[in-house]
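**Student:** sequence first, then the predicted structure:
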Amino acid sequence: MSADTIELFCLVQGNTVAQAFTLKIDQNKSIGQLKEVIKMKKTPEFNFFAVDQVSLWKVQIQGDSDEKLNELKLRKEDQLLSMRKISSYFTEKPLEGYIHIIIEPPELPMVPWSDSLESRLCQLYASDNIVDIFWGQNLKEDDATWRIYVVTRNLLRQSEKTEKIGDQVINFIAVEEGFVSAEIPPQNPHDPLPTWKKTPKKLQKAFDEALENELGLSFRKMHYNLVGMSTGYKRIQGKFTEVPAIILYVRQKGILRRGCVKFPDEIRGYPTDIIEACVATPYGFGASACQSYQENIMLGSSIGIIKSQGTSGTLSAVVYDKDSRQIGILSCEHICRLSDSSTGKDVIIYQPSHKDLDNLKESFVKMARVNKTYIKISEEMCNKIEEDKKKSALAYYKRGIQGNFFSKIHEKYFGIDAAFCIFSNINRTLCPNKFSISPEDLKKEKLSEDIYLNDFYEFKEFDDIVDIDVFKVGKATGLTFGKLVPIYSAVSIDLRNKNIEYAKKQGIIPPYNDDDVDKRIFIGYMKTRLVEKINEMRQQCYPTVWFDRQLIFEFKPGDFVPGDSGASVVNKEGKALGILHAAWITENSNYAIASPYFAVFEALDVVKE
């Protein structure tokens with residue numbers, strides 16, 4: 001320890017001696033700088049107020065009993081002034097075994113509340129259209145008042161953007177406001193720094209290492225408005241510069257959320273750039289283009305489950321269990337096992353999904369309703385569809401992951417949304433290399449008529465990729481083309497809305513009532529004045545899961561839609577990069593998110609043919 005370093009035992013007023021903590025600091029620094037160190041030490045507890053609101057008092061209390069603390073009276077002459085040096089107060093070495101500093105944080109503001117406000121917020125929280133509810137400060141208007149913000153999907157269609165309940169005003173914000181409602185312009189070909197330019201390897205290495213350190217779990221908890229992180233180039237006044245940067249993607253840029261702090265200006269020597277984005281959404285539900293029943297099942301075909309809400313997605317690949325050598329299929333975990341409350345064990349996977357067969361059946365019924373000459377054809381086709389349903393069972397769920405997986409091979413975390421399902425229908429055949437696209441359509445899109453899935457990218461191969469064109473075959477949109485975005489990234493996926501919304505449609509969530517545990521957690525989150533509890537309580541209300549080191553692809557709007565989850569992203573030579581599982585919308589573009597195959601294989605303990 002340097003001769004100028006001083007060790008101080010500190011205690012927050014109101015805490016017990018057992019909660020005292022120590023810190024070391026250069027005694028030539030000011031008391032103001034000491035306050036900064038204390039604030040950092042007490043993150044996230046002290047996130048809610050500015051450092052100049054903290055008062056420090058010099059004391060000398062034995063650290064073996066709370067009795068002296070109860071008798072303590074703070075005197076004005078013992079308060080430490082921010083401009084003075086630490087050494088001016090501690091002219092001698094502080095005594096061991098004593099408390100030296102008492103920290104007096106400001107009083108937490110009262111949360112304005114009423115029964116009518118509570119009732120209205122509970123009603124909003126239960127709504128399918130509400131994405132988020134939080135307390136925030138509007139930084140754009142330099143407003144220090146904490147206000148309630150409600151983020152909704154459909155606000156752009158309604159005129160009222162505020163609602164007054166007693167003395168409190170609820171502010172409604174569209175999740176799409178500012179960038180999603182407007183058409184995202186394509187990259188200007190004359191831009192001197194297009195978004196496709198690969199970032200320097202030094203930045204990639206720094207970002208990769210920071211994911212487990214500066215950008216790790218504690219950072220993400222402190223910034224719960226953070227929905228993604230990546231490498232890139234800094235923008236100034238909307239234009240790209242040649243300055244490599246770490247990009248932080250946030251919800252509702254310009255609003256500081258209660259419990260969060262402002263982002264650092266730089267990380268590992270690289271500047272940060274704040275970009276507005278929506279939280280990524282798993283894409284595996286909803287009405288979609290139907291795929292046919294296949295005796296010989298090909299990649300990109302429709303699959304789904306019928307348990308609970310039912311799902312509909314895309315078959316990714318054919319693989320083998322590493323130990324038993326049983327053949328099976330890959331798709332997304334959120335397709336093959338929707339609810340976290342279930343183990344998913346032995347859930348039956350169908351091809352095509354029953355949702356798609358029901359949609360097809362409904363189309364024939366409507367056709368006969370409009371024109372009675374089609375009644376016979378409609379009846380025949382509906383009977384055929386019911387026959388196909390009876391023999392559509394394909395596989396059963398074995399195992400899967402939706403979240404970060406630690407790779408023992410690469411000693412890093414990779415986000416995985418994938419499941420392995422054992423093939424179980426001996427009357428059908430799996431085609432491990434063929435896509436569900438006709439040779440004519442392949443030729444029309446300037447692909448080889450004989451193209452097939454022939455290999456999977458390994459980890460090291462991504463280091464050499466600069467620019468790559470890709471395609472995917474998804475059951476909702478078929479064959480579409482995109483491009484790999486050469487950035488390193490981590491993305492947060494919203495879990496609450498996809499589970500709650502579809503469960504409500506099936507009527508399996510009980511009516512809202514005073515005893516509802518979900519309600520009590522939500523109200524506790526909104527009413528708490530204890531900042532250190534906000535992040536934990538919020539995660540229960542609005543659960544999210546992080547996916548690190550994801551592959552990012554850009555497709556044209558409409559080329560990756562609900563139902564395409566599970567589709568393999570493949571280069572034009574037939575080599576697969578990853579499994580698509582979510583959509584991500586930012587100020588810059590619409591992106592598709594994929595888990596890399598090399599990590600999927602390790603996580604699920606499967607091998608290619």
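**Tutor:** That came through fine.
**Student:** report the central residue of this protein.
**Tutor:** For the chain, the residue nearest the mean C-alpha position is residue 492 (1.4 Å; C-alpha atoms, centre = their mean).
**Student:** how close does that residue sit to residue 392?
**Tutor:** 35 Å (C-beta to C-beta, to the nearest Å). Using the backbone N, CA and C atoms, a C-beta is placed for each residue, glycine as well.
**Student:** with residue 592 instead?
**Tutor:** Distance from residue 592 to residue 392, by C-beta to C-beta: 28 Å.
**Student:** higher neighbour count, these two?
**Tutor:** residue 592 (29 against 25; other C-beta atoms under 10 Å).
**Student:** any idea which element the more buried one lies in?
**Tutor:** Using DSSP states H and E, residue 592 maps to strand 590-596.
**Student:** for that strand, which outside residues touch it?
**Tutor:** 184, 280, 414-418, 457, 459, 462, 482, 485, 491, 547, 549-555, 557, 560, 569, 577-585 (C-beta atoms under 8 Å, 6 or more residues apart in numbering).
**Student:** what's the following helix or strand after that strand?
**Tutor:** Assigned by DSSP H and E, the successor of strand 590-596 is helix 597-604.
**Student:** packing partners of that following helix?
**Tutor:** Packing partners of helix 597-604 (3 or more C-beta pairs under 8 Å, 6 or more residues apart in numbering; DSSP states H and E): strand 317-321, strand 393-407, strand 412-423, strand 455-456, strand 575-585.
**Student:** change it to 6 Å
**Tutor:** If you count contacts as 3 or more C-beta pairs under 6 Å, 6 or more residues apart in numbering; DSSP states H and E, helix 597-604 packs onto strand 393-407, strand 412-423.
**Student:** C-terminal to it, what's the next element?
**Tutor:** strand 606-607.
**Student:** in its sheet, what does that following strand sit against?
**Tutor:** Partners of strand 606-607 in the sheet, by DSSP bridges, are strand 317-321 (antiparallel).
**Student:** now the angle from the partner strand to helix 597-604?
**Tutor:** Using axes from the mean of the first three to the mean of the last three C-alpha atoms, to 10 degrees, the direction of strand 317-321 lies 40 degrees away from that of helix 597-604.
**Student:** check which residues of strand 317-321 are buried.
**Tutor:** Buried residues in strand 317-321, counting neighbours by 16 or more other C-beta atoms under 10 Å, are found at 317, 318, 319, 320, 321.
**Student:** if the last one is in a bridge, with which residues?
**Tutor:** Okay, so that is residue 321. Using DSSP bridges, the beta-bridge partners of residue 321 come out as residue 606.
**Student:** ok, it to residue 330 distance?
**Tutor:** Separation of residue 321 from residue 330 (C-beta to C-beta): 12 Å.
**Student:** kindly report the same for residue 447.
**Tutor:** Separation of residue 447 from residue 330 (C-beta to C-beta): 22 Å.
**Student:** domains of this protein?
**Tutor:** 5-104, 296-352+392-486+551-607 (automatic domain parsing).
**Student:** check the ones you listed for me and report the most buried one.
**Tutor:** Stretch with highest mean neighbour count among the domains of the chain: domain 296-352+392-486+551-607 (a mean of 20; mean count of other C-beta atoms under 10 Å).
**Student:** just the endpoints, please. Distance across that domain?
**Tutor:** Domain 296-352+392-486+551-607 has an end-to-end distance of 21 Å (criterion: C-alpha to C-alpha, to the nearest Å).
**Student:** so for it, what's the average pLDDT?
**Tutor:** Looking at domain 296-352+392-486+551-607 alone, the average pLDDT works out to 89.
**Student:** check the offset of it from the chain's centre.
**Tutor:** Centre-to-centre, domain 296-352+392-486+551-607 and its host chain are 19 Å apart (C-alpha atoms, centre = their mean, to the nearest Å).
**Student:** any idea of the pLDDT on residue 160?
**Tutor:** 64.
**Student:** what do you get for the one 3 residues further on?
**Tutor:** At residue 163, the model reports a pLDDT of 91.
**Student:** so it touches residue 171, yeah?
**Tutor:** No - judged on C-beta atoms under 6 Å, residue 163 makes no contact with residue 171 at a distance of 8.4 Å.
**Student:** what pairs with the strand holding residue 592, parallel or antiparallel?
**Tutor:** According to DSSP bridges, strand 590-596 forms sheet pairs with strand 551-555 (antiparallel), strand 575-585 (antiparallel).
**Student:** for those, which one sits closest to residue 50?
**Tutor:** Closest approach to residue 50 among these (C-beta to C-beta): strand 575-585, 33.4 Å.
**Student:** can you check what angle separates that closest one from strand 412-423?
**Tutor:** Counting by the same axes, to 10 degrees, strand 575-585 points 110 degrees away from the direction of strand 412-423.
**Student:** dump the C-alpha coordinates for strand 575-585 into PDB.
**Tutor:** Only the C-alpha atoms of strand 575-585 are listed here, as PDB (Å, rounded to 0.1, in the frame of the first residue of the first chain):
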ATOM      1  CA  LYS A 575     -22.900 -23.700 -45.400                       C
ATOM      2  CA  ALA A 576     -25.000 -22.900 -42.300                       C
ATOM      3  CA  LEU A 577     -24.100 -20.100 -39.800                       C
ATOM      4  CA  GLY A 578     -26.800 -20.200 -37.200                       C
ATOM      5  CA  ILE A 579     -30.500 -20.600 -36.100                       C
ATOM      6  CA  LEU A 580     -32.700 -17.600 -36.400                       C
ATOM      7  CA  HIS A 581     -34.800 -17.000 -33.200                       C
ATOM      8  CA  ALA A 582     -35.700 -13.300 -32.700                       C
ATOM      9  CA  ALA A 583     -36.200  -9.900 -34.400                       C
ATOM     10  CA  TRP A 584     -34.500  -6.800 -33.200                       C
ATOM     11  CA  ILE A 585     -35.400  -3.200 -34.300                       C
END
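**Student:** show me what it is in contact with.
**Tutor:** The contact list for strand 575-585 (C-beta atoms under 6 Å, 6 or more residues apart in numbering) reads 180, 278, 280-283, 316, 332, 417-418, 453, 455-457, 491, 493, 551, 565, 567-570, 591-597.
**Student:** what's the angle from that strand to strand 393-407?
**Tutor:** Strand 575-585 and strand 393-407 are oriented at 80 degrees to each other (the same axes, to 10 degrees).
**Student:** coming back round to it: with distance to residue 205 as added columns, please give the strands paired with strand 590-596 in JSON lines.
**Tutor:** Shown next, in JSON lines, are those (distance: least, C-beta to C-beta, whole Å):
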{"stretch": "strand 551-555", "distance to residue 205": "18"}
{"stretch": "strand 575-585", "distance to residue 205": "21"}
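**Student:** and those strands: which comes nearest residue 129?
**Tutor:** Proximity to residue 129 (C-beta to C-beta) singles out strand 575-585 among the strands paired with strand 590-596, at 17.0 Å.
**Student:** which residues touch residue 539?
**Tutor:** Going by C-beta under 6 Å, 6+ apart, residue 539 touches no other residue.
**Student:** pLDDT (mean, whole number) over whichever strand or helix holds it?
**Tutor:** Applying DSSP H and E as the criterion places residue 539 in helix 531-541. The average pLDDT for helix 531-541 rounds to 78.
**Student:** how much space separates the residue nearest to the centre of the chain from residue 567?
**Tutor:** To residue 567, residue 492 is 22 Å away according to C-beta to C-beta.
**Student:** likewise for residue 170?
**Tutor:** Taken as C-beta to C-beta, the span from residue 170 to residue 567 is 40 Å.
**Student:** right, I'll call it a day here.
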